[in-house]
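Peer 1: Fold the following.
(one chain, ligands or ions: 2)
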Amino acid sequence: MADDDVTLSGEIRGKLVDSKQKWAEEGRLLTGKTAAHSERLPPGQRRVETWPVLDLGIQPDIPPHAWRLFVDGEVDNPVTLKWDEFAALPKTELTTDIHCVTAWSRYDNKWEGVSARDLIALVKPRASAQHVIFHSYDTYKTNVPLADFAAEDVMLAWSWNGEPISREHGGPLRVVIPKLYFWKSAKWIKRIEFSIMDKPGFWEVRGYHNYGDPWREQRYDDEI
Ligand SMILES: Nc1nc2c(c(=O)[nH]1)N[C@H]1C(S)=C(S)[C@@H](COP(=O)(O)O)O[C@H]1N2
Ligand SMILES: [Mo]
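Peer 2: Ligands and ions are numbered 1, 2, ... in the order given. Here you go, the predicted model:
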């Protein structure tokens, strides 16, 4: 199928992966504090104005005709959407903050796309579905509880601050989950799998927290 047309340029940056894995082992950046959600900046974070790029080093180039979004697993109505079909879903606009585990936060990012709630209404998860697993075109994976994917501020976004999301930031379509660390927000999303069981993803099996709440500073899986 169309998959043959997707180009993966670059290669996995092993050194970056190793050093981030080391951060987890050493508990780097941990302040040991927690904060209420009413505090806009979570503990240990600092504000930036730029938007850093963080990924495994493979940035897939997905031509529009080859793009598909598979939404499946524990649902009554699995779908495979082409770009035009996805773009025809109800649109949502939202402005939210980004909190990356490497300690930068970026306020007021204006996203446009489809809300997770509208996608959930389309596929109808079964009562047995408890987790959502994101699979990306660069082979990245990450996991969240269904309850967190279903939060009102979660989006599948194609636009940032009025422009299409660039390839380096996950375009044509990425996940945005504002209340969790940004590694949970999968770029170049390809498949959204609803699951009975949890399936820890790329960073979650490399020492990063399975849930990743910035206000409880859940950076790594063994909290100090
Ligand atoms: N597909 C994919 N999604 C990904 C990643 C990745 O390597 N591949 N990196 C994650 C991490 S660690 C972060 S901090 C954010 C970075 O998004 P940005 O590059 O747009 O800032 O994307 C997340 N989503
Ligand atoms: Mo990250």
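Peer 1: Contact residues of the chain facing ligand 1?
Peer 2: For the chain, the contact set with ligand 1 under Cβ under 6 Å from any ligand atom comprises 51-56, 100, 136, 138, 140, 169-170, 182-183, 185-188. For every residue, glycine as well, the C-beta is placed using N, CA and C.
Peer 1: Check what contacts the top strand by length along the chain and list those residues.
Peer 2: Determined from DSSP state E, the single longest strand within the chain is strand 104-115. With contacts defined as Cβ atoms under 8 Å, 6 or more residues apart in numbering, strand 104-115 is touched by 40-42, 45-52, 86, 89-99, 152, 154-162, 173, 176.
Peer 1: Please list which of the residues of the chain next to ligand 1 are also close to ligand 2.
Peer 2: 54, 100, 183 (Cβ under 5 Å from the ion).
Peer 1: can you pull the contacts of the first one?
Peer 2: Spelled out, it's residue 54. 100, 102, 182, 183.
Peer 1: ok, how many other residues are close to the first one?
Peer 2: Going back to what we said before, that points to residue 100. 18 (other Cβ atoms under 10 Å).
Peer 1: excluding its backbone neighbours, what's nearest it?
Peer 2: residue 182 (4.4 Å; Cβ to Cβ, 6 or more residues apart in numbering).
Peer 1: that older thread, got the ones next to ligand 2 among the residues of the chain next to ligand 1 as TSV, with secondary structure columns?
Peer 2: What follows is these, written out as TSV (DSSP: H, G, I helix; E, B strand; the rest coil):
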residue	secondary structure
54	coil
100	coil
183	helix
